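Chemist: Here is my input; please provide its structure:
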Amino acid sequence: MGGHPIHPALVHFPFGLLFSSVLVDLAHWAGLWPEARFAAWLMAGGLATALLAMAAGLYDFRRLTDVQVPYALQHTLAMATAWLGFAVALYLRRGVLAGAAEPPTASVVLALASAVVLAWGGWLGGELVYRHGAGRIDP
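Modeler: All right, here's what the predicted structure looks like:
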C-alpha cells in the first residue's frame, strides 16, 4: 500500500469487535443487555478480522530490523494467545448460537482473560511502533 504497512490499518476491527463482545457479555450478566448471542457474533467477527490482521502482520514482519524482531515476536505471541482464547471461548458458547439463553461461565471468564491478553498485546504493538520505530517510512 504505497510502502505503508498494512497491519496497523486492520487491527482496529478485531480489537473493537473482541472488546465489544466482552462488554456485551458483562452487560448481559448485569441484566442490561437481553441478547446473549450478540456477544458471540461480535466474537466471531473479531476472530475473522483478526485473521486478516495477522496475515498482514506476517507480511509486514519481513521489513522489521533485527532490533525490532524480538519485540514483534512478543507481540505476536500475545496476540496469538488472545486469539486462541477467544476462539475457545466462542467454541464453548456454540450452544448460545444454537439458541441457549446463557453463555457458559467458563466462556465468559475466558473471553475476559483473553481481552486482558489482547490489551497487553496491543500495548506491545504500540511499543513496537512508537518506541522501536516499526513501520516508519523514512523520506
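Chemist: Tell me, how many residues neighbour A134?
Modeler: If you count neighbours by other CB atoms under 10 Å, A134 ends up with 24. No exception for glycine: its C-beta is placed from N, CA and C like everyone else's.
Chemist: Now it: closest residue in space that isn't a chain neighbour?
Modeler: Excluding the flanking residues, the one nearest A134 by CB to CB, 6 or more residues apart in numbering is L128, at 4.5 Å.
Chemist: Helix, strand, or coil at the one you found?
Modeler: Recorded secondary structure, L128: helix (DSSP: H, G, I helix; E, B strand; the rest coil).
Chemist: Alpha carbons only: can I get stretch 54-71 in PDB?
Modeler: C-alpha atoms of stretch 54-71 as PDB (Å, rounded to 0.1, in the frame of the first residue of the first chain):
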ATOM      1  CA  MET A  54      -2.500 -11.400  11.500                       C
ATOM      2  CA  ALA A  55      -1.800 -12.200   7.800                       C
ATOM      3  CA  ALA A  56      -1.000  -8.600   7.200                       C
ATOM      4  CA  GLY A  57       1.300  -8.600  10.300                       C
ATOM      5  CA  LEU A  58       3.200 -11.500   9.000                       C
ATOM      6  CA  TYR A  59       3.600  -9.800   5.600                       C
ATOM      7  CA  ASP A  60       4.800  -6.600   7.300                       C
ATOM      8  CA  PHE A  61       7.100  -8.600   9.600                       C
ATOM      9  CA  ARG A  62       9.600  -9.100   6.700                       C
ATOM     10  CA  ARG A  63      10.500  -5.400   6.900                       C
ATOM     11  CA  LEU A  64      11.500  -5.300  10.500                       C
ATOM     12  CA  THR A  65      15.000  -4.700  11.700                       C
ATOM     13  CA  ASP A  66      17.000  -7.200  13.800                       C
ATOM     14  CA  VAL A  67      16.400  -5.000  16.800                       C
ATOM     15  CA  GLN A  68      12.600  -4.900  16.300                       C
ATOM     16  CA  VAL A  69      12.200  -8.700  15.700                       C
ATOM     17  CA  PRO A  70      12.300  -9.700  19.400                       C
ATOM     18  CA  TYR A  71       9.600  -7.200  20.300                       C
END
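Chemist: Cool, thanks, signing off.
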